[in-house]
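Asker: Provide a 3D model corresponding to the input given below.
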Amino acid sequence: MTNSDILEIDNLPRLYRHALVIRWELTRFCNYACDFCIQGSHALHMQAAREESPKDRKEIATRLAAYVEKHVHARKMVEIHLIGGEVTALPDFPELMEVIAGCQFRGNIDIHLTTNFFRPSDYWKNLFSLFSGKAGRRLFINASFYKRYTTEGEFAQKINDLTPFLALPGGNPFSILRYRLLPLFWGRAAVASDAEQVYLGVGWPILDDASYHAFLSFKSRYGHLLHSVNPIIIRNYPVPVSEEIRDRLNGNEGSKNLRVLFRRGGKRYFHNIQQLGNWLADAGHFCPSGYICDAGKNSFSISPDGTVSRCPVLNPPADFQLGSFLDGSFRLLRKPAVCSADHCSCNYFRKIQCGTR
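Answerer: Prediction:
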């Protein structure tokens with residue numbers, strides 16, 4: 001299969017949830033300096049972080065909550081992805097979370113928080129308390145394990161400390177059905193209850209064969225307590241893993257939940273792609289230029305200075321900018337637009353369709 005064979009790519013979770021997806025990069029600061037960081041040079045991060053303003057962060061959080069309250073009525077579901085850098089390293093982060101969790105929106109708000117999990121258990125318990133009594137608000141923590149900065153035992157102990165405060169997988173099977181199926185039949189999302197408010201998932205960087213087997217061991221011991229336990233496949237780092245393990249990572253364990261409609265031999269086929277094959281395995285292999293993408297209509301990305309873009313692609317073309325959250329110039333696109341980027345690693349779209357190609 002080649003690029004020209006693709007007719008459509010669907011992001012399956014977006015199809016069912018009817019969500020407005022918001023990605024907010026709060027900061028480029030990180031207290032870790034991993035040499036395999038997918039965000040690039042730690043020195044460049046620190047240089048960029050010096051220009052960031054806590055005042056701007058508070059203003060963006062306030063405007064973001066107001067935007068959801070006033071402009072997101074029909075969707076019933078909003079996903080807010082808070083990423084960095086390391087967002088919990090910011091002294092004002094709990095205050096920002098309180099503003100977002102307290103948003104007066106009648107539908108659901110799912111907050112996805114990406115973190116290196118360095119904060120102690122009491123910090124997380126206090127953060128969880130911000131969601132107490134707020135039906136329709138859920139927090140999904142995506143915690144990454146880095147053995148250079150913590151031991152597996154310390155990481156596991158923190159999970160044990162927090163388990164009593166987590167919504168455990170399988171605790172309410174009906175919740176999955178109503179979140180997946182209710183929007184299909186009624187066009188609206190179910191409201192999350194207090195009992196299913198905080199979920200914890202773990203990401204495990206795969207740096208060599210030993211780290212892969214450590215991941216399997218951890219997953220077998222703690223997978224039943226966690227929302228997800230996933231390998232982090234490093235794309236810009238020379239990973240010395242065996243061919244057998246690489247094949248496993250290119251299968252279900254490294255999956256992307258996407259469906260591709262493609263043309264082959266004059267016929268059309270749908271296929272659920274796990275790693276999308278070598279031709280679409282990472283950012284550099286799929287060129288979306290000329291395809292129609294709904295990023296900017298059903299999702300948008302906010303940078304630390306408040307600039308809003310259609311999606312978080314690196315070095316975005318000028319036509320990707322949608323204004324600023326700080327000066328009120330931001331506007332969503334009214335309809336999907338043709339993409340002009342030369343690569344795609346974005347997971348915030350709902351649908352990419354064949355356009356001018």
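Asker: measure stretch 103-121 end to end?
Answerer: Terminal residues of stretch 103-121 are spaced 26 Å apart (CA to CA, to the nearest Å).
Asker: quick one: buried residues of it?
Answerer: 103, 105, 107-119 (16 or more other CB atoms under 10 Å). For glycine as for every other residue, the C-beta is placed from the backbone atoms N, C-alpha and C.
Asker: quick one: distance of that stretch to the chain centre.
Answerer: Chain-centre distance of stretch 103-121: 11 Å, with CA atoms, centre = their mean, to the nearest Å.
Asker: measure the closest residue to residue 19 other than its chain neighbours to residue 116 for me?
Answerer: Leaving aside its chain neighbours, residue 19 sits nearest to residue 77 (4.1 Å; criterion: CB to CB, 6 or more residues apart in numbering). Using CB to CB, to the nearest Å, residue 77 is found at 28 Å from residue 116.
Asker: what do you get for residue 23?
Answerer: Distance, residue 23 to residue 116, by CB to CB: 18 Å.
Asker: then residue 212?
Answerer: Distance of residue 212 to residue 116, computed by CB to CB: 20 Å.
Asker: quick one: contacts for the closest residue to residue 92 other than its chain neighbours?
Answerer: Nearest residue to residue 92 in three dimensions, chain neighbours excluded: residue 54, at 5.3 Å (CB to CB, 6+ apart). Counting by CB atoms under 8 Å, 6 or more residues apart in numbering, residue 54 touches 90-92.
Asker: tally of neighbours for the residue nearest to residue 19?
Answerer: 22 (other CB atoms under 10 Å).
Asker: mind checking how far it is from residue 302?
Answerer: Counting by CB to CB, the gap from residue 77 to residue 302 is 18 Å.
Asker: flag the shaky bits of the protein, pLDDT-wise.
Answerer: Scanning the chain for pLDDT under 70 picks out 1-2, 16-17, 38, 170-195, 235-236, 250-256, 272-285, 313-316, 345, 356-357.
Asker: middle-most residue in it, spatially?
Answerer: Note on the chain: the residue nearest the mean C-alpha position is residue 81, at 5.5 Å, using CA atoms, centre = their mean.
Asker: give the other helices and strands that the helix or strand it falls within contacts.
Answerer: Residue 81 is part of strand 77-83, with elements assigned from DSSP states H and E. Where contact means 3 or more CB pairs under 8 Å, 6 or more residues apart in numbering; DSSP states H and E, strand 77-83 is packed against strand 20-25, strand 108-115.
Asker: show me what that strand pairs with in its sheet, parallel or antiparallel.
Answerer: The pairing partners recorded for strand 77-83 under DSSP bridges are strand 20-25 (parallel), strand 108-115 (parallel).
Asker: in this structure, where's the longest helix?
Answerer: Looking across the chain with DSSP state H, the single longest helix is helix 54-71.
Asker: next one: that helix to chain centre, how far?
Answerer: 19 Å.
Asker: before we move on, what about stretch 83-96?
Answerer: With CA atoms, centre = their mean, you get 16 Å for stretch 83-96.
Asker: got the CA positions of that stretch in CSV?
Answerer: Output of stretch 83-96 as CSV, limited to C-alpha atoms (Å, rounded to 0.1, in the frame of the first residue of the first chain):
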residue,chain,number,x,y,z
ILE,A,83,0.9,18.3,28.0
GLY,A,84,4.4,19.8,28.3
GLY,A,85,7.2,19.6,29.3
GLU,A,86,6.2,18.5,32.7
VAL,A,87,3.0,20.3,33.7
THR,A,88,2.9,19.2,37.3
ALA,A,89,6.3,20.9,37.8
LEU,A,90,4.5,24.3,37.5
PRO,A,91,3.7,25.7,40.9
ASP,A,92,0.3,27.1,39.6
PHE,A,93,-0.8,23.8,38.0
PRO,A,94,-3.3,22.8,40.7
GLU,A,95,-4.9,26.3,40.4
LEU,A,96,-5.2,25.8,36.6
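Asker: okay, buried residues for that stretch please.
Answerer: Residues 83-90, 93, 96 are the ones in stretch 83-96 that count as buried (16+ other CB under 10 Å).
Asker: wait, which of those is closest to residue 3?
Answerer: Set against residue 3, the nearest of the buried residues of stretch 83-96 by CB to CB is residue 83 (28.2 Å).
Asker: ok, the closest one touching residue 27?
Answerer: No: contact criterion CB atoms under 8 Å: residue 83 and residue 27 do not qualify, at 9.1 Å.
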